[in-house]
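Undergrad: Quick one, what's the 3D model for this:
(2 chains)
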Amino acid sequence: MTAGTPADTGIPRDAEGGYIDGNALAGPLAELFAVDLTAATSQCAHCSNTGPVASLHVYRQAPGLVARCQQCGQVMLRLVRAPETVWLDMSGITVLSIPVGAD
Amino acid sequence: MTERRAESATAVTLVLEVPEWPGHLAGQHVDIRLTAEDGYSTQRSYSIASAPDGTRLELTVQRVLGGEVSPYLVDELMPGDQLELRGPVGGWFVWQPEQQEPVLLVAGGSGLVPLMCMIRSRRAAGSRVPFRALYSLRSPAELLYGPEIRQGTPGVDVTHIYTREGPQQSVRPPGRITPDDLARHGWPPDFAPTCYVCGPTAFVEKAAAYLVLLGHDPERVRTERFGGGED
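TA: Numbering: from 1, shown residues only, chains lettered A, B, ... in the order given. Okay, here's the model as predicted:
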């Protein structure tokens, strides 16, 4: 492959660097939940892949935060903060397993 | 904010005094919210740089060209100014002094900040767990925490990887991080280290993939991506 222009990779430049990860959900979710959900393991409703919420690909260009599966790219979680309401859509997650420490 | 300290031409450490700060774990971050006079507000996450120390907190912020929040923090915020912050948050990309396994830190650019917090917390806790760190940066001018890294910490080995321009005495030609760098300066996979990789998204994707390729258990490779370009 000849090195050089971004077009060589076949991936648009901003798609490569356009996401951050689930660690960035920690603050917005801490506003709602008593435990840290980024350390939880989530299962994707589309491809059944499991992994830590912290590893989801998070896009913040939307009017909120959109978290996608790191495996199949489908939407797993959406969070929008309006002045008086938080909208949380988790329909892309079938199971969350949340470490809570020993009972 | 009580004090600001330049770390490089484009990065500054902000020293904050946070009443009722509950303490933090190494690797955690805070969310900072800025609100304009017209009510528009935006927030960004910044990693904590300092080891837990009462109500004192240090953040190192790299100016992002065209950024909404970092130019204000780097260039305009002055001692005495107030900041709205939430935290500490994040429970996955953290290192705790109880951990006994060796640790590999892989930093791209200002991705060093939460990893430096781990090095400082290790020292503060008197941990003797061996750390190795690979720090990828464009050129010596971008070096963060230079004097502190040069002074060194027993049990912590730091290797610098220059991607564009290295110092004259540097043996390795400038270039992006390679699997060979990680094999040579990291840990063998059978030592079962926990690996922490932090930096721009493209850097993290690449370095984490190399570690898995070298045989590290993907569950032991923890990542934090902050977007932007590659270093």
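
Undergrad: and residue B:229, what pLDDT?
TA: With respect to pLDDT, residue B:229 scores 52.

Undergrad: Strands of the chain, start to end?
TA: No chain specified, so I'll use chain A. Under the criterion DSSP state E, chain A contains strands at A:20-21, A:41-44, A:50-52, A:57-59, A:65-68, A:75-81, A:86-89, A:93-97.

Undergrad: was after chain B, sorry
TA: Per DSSP E, chain B carries strands over the ranges B:3-6, B:11-17, B:29-35, B:41-47, B:56-62, B:84-89, B:103-108, B:131-137, B:156-162, B:194-199, B:221-225.

Undergrad: Now render the strands of chain A as JSON lines, adding mean neighbour count.
TA: C-beta: built from backbone N, CA, C; applies to glycine. Converted to JSON lines, the strands of chain A look like this (neighbours: other Cβ atoms under 10 Å in any protein chain shown):
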{"stretch": "strand A:20-21", "mean neighbour count": "24"}
{"stretch": "strand A:41-44", "mean neighbour count": "21"}
{"stretch": "strand A:50-52", "mean neighbour count": "17"}
{"stretch": "strand A:57-59", "mean neighbour count": "19"}
{"stretch": "strand A:65-68", "mean neighbour count": "22"}
{"stretch": "strand A:75-81", "mean neighbour count": "20"}
{"stretch": "strand A:86-89", "mean neighbour count": "13"}
{"stretch": "strand A:93-97", "mean neighbour count": "14"}
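
Undergrad: Quick check: closest non-adjacent residue to residue B:41.
TA: Spatial nearest neighbour of residue B:41, chain neighbours left out: residue B:35 (4.0 Å); criterion: Cβ to Cβ, 6 or more residues apart in numbering or on different chains.

Undergrad: on that earlier part again, mind checking the strands of chain A for the one nearest to residue B:103?
TA: Distance to residue B:103, taken as Cβ to Cβ, is lowest for strand A:50-52 among the strands of chain A, at 18.2 Å.

Undergrad: what are the bridge partners for the spatially most central residue of chain A, then?
TA: Chain A has residue A:67 as the residue nearest its centroid, 2.7 Å off, counting by Cα atoms, centre = their mean. Judged by DSSP bridges, the bridge partners of residue A:67 are residue A:58, residue A:77.

Undergrad: Would you check that it makes contact with residue A:74?
TA: No. The criterion here is Cβ atoms under 8 Å, and residue A:67 misses it with residue A:74 at 10.4 Å.

Undergrad: Once you drop chain neighbours, what's closest to residue A:30?
TA: Closest residue to residue A:30 apart from its sequence neighbours, by Cβ to Cβ, 6+ apart: residue B:89 at 5.0 Å.

Undergrad: Distance check, that neighbour against residue A:28.
TA: Distance of residue B:89 to residue A:28, computed by Cβ to Cβ, to the nearest Å: 9 Å.

Undergrad: Burial check on the residue nearest to residue B:41, number of neighbours?
TA: Residue B:35 is flanked by 11 other residues according to other Cβ atoms under 10 Å in any protein chain shown.

Undergrad: residues contacting residue 80?
TA: Using chain A here. Residues in contact with residue A:80, defined by Cβ atoms under 8 Å, 6 or more residues apart in numbering or on different chains, are A:63, A:64, A:65, A:86, A:87.

Undergrad: wrong chain, I was asking about chain B
TA: Counting by Cβ under 8 Å, 6+ apart, residue B:80 touches B:1, B:2.
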